[in-house]
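K.L.:
Next come a sequence and a model predicted from it.
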Amino acid sequence: MRFIKLVLISVIVFGCMAFLISLVFPSTAVVERTGVIQAPIDTVYAHVSNLKAWGQWNPWTRPDTTATLVFSDPSYGAGASYSWSGKENSGKVTILDSEPEKGVHYLMDIKNIRPVHGGIELKRTADGKATAIFWHMEIKLGLLPWWKLRGFMADRIYGPAMDSSLTKLSRICEGK
């Protein structure tokens, strides 16, 4: 009986300590990537503002190979969206705002995962022949320790996929 009490008290103390330590971690995870695409801003914008074009370069367009995608009409610009439903998960991406000289901001809502607010910002380079791109994602984590731990590792989890996606987008826009 004494051993069970000791184990129970230890679990409670460990749980409280983990929660208190997690309060030190930020409640928002941010992942950012930048790059320069050697193509005019109009070309890049055409690929980032049209959700049907995301399938060529964005890793989260088809998160589940069994998923069926349903696109809104139109599939580009503010208010455009696509949703998916598959064996592993389901969700929806909605473009919140879209401007040719600035880029797009979107909301990705995936079942059982915190909503992701993202943006793909575009800016002409000084010579006007290339486009600087800034892709960012922000996830509000809340107070639970396991969400904060995932947020602490967000850059390691999502960063490599974003790097690879920007490389694909660059090849597409540059015609390589």
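P.N.:
Sure thing, it's come through. Bear in mind that the values here come from a model prediction, so they are computed numbers and not experimental data.
K.L.:
Count the residues that sit near the closest residue to I41 other than its chain neighbours.
P.N.:
Setting aside the residues directly before and after it, I41 is nearest to T131 in space (Cβ to Cβ, 6 or more residues apart in numbering), at 4.6 Å. (C-beta placed from N, C-alpha, C; glycine too.) By other Cβ atoms under 10 Å, 24 other residues sit near T131.
K.L.:
what's across from T131 in the sheet?
P.N.:
For T131, the beta-bridge assignment (DSSP bridges) gives partners I37, R124.
K.L.:
does it really touch P40, like I thought?
P.N.:
Yes. With contact defined as Cβ atoms under 8 Å, T131 reaches P40; the gap is 6.9 Å.
K.L.:
Contact partners for the residue nearest to I41?
P.N.:
Shown in contact with T131 (Cβ atoms under 8 Å, 6 or more residues apart in numbering): V36, I37, A39, P40, I41, T43, V44, L122, K123, R124, T125, C173.
K.L.:
quick one: A18 from V7, how far?
P.N.:
Per Cβ to Cβ, to the nearest Å, A18 is found 16 Å from V7.
K.L.:
More neighbours: which of those two?
P.N.:
Using other Cβ under 10 Å as the criterion, A18 and V7 rank with A18 on top: 13 against 10.
K.L.:
Quick check on that one: phi, psi?
P.N.:
Phi and psi for A18, reported as degrees, to the nearest 10, are phi -60, psi -40.
K.L.:
Wait, it touches L144, no?
P.N.:
No. Checked against Cβ under 8 Å, the pair A18 and L144 is beyond contact range at 10.2 Å.
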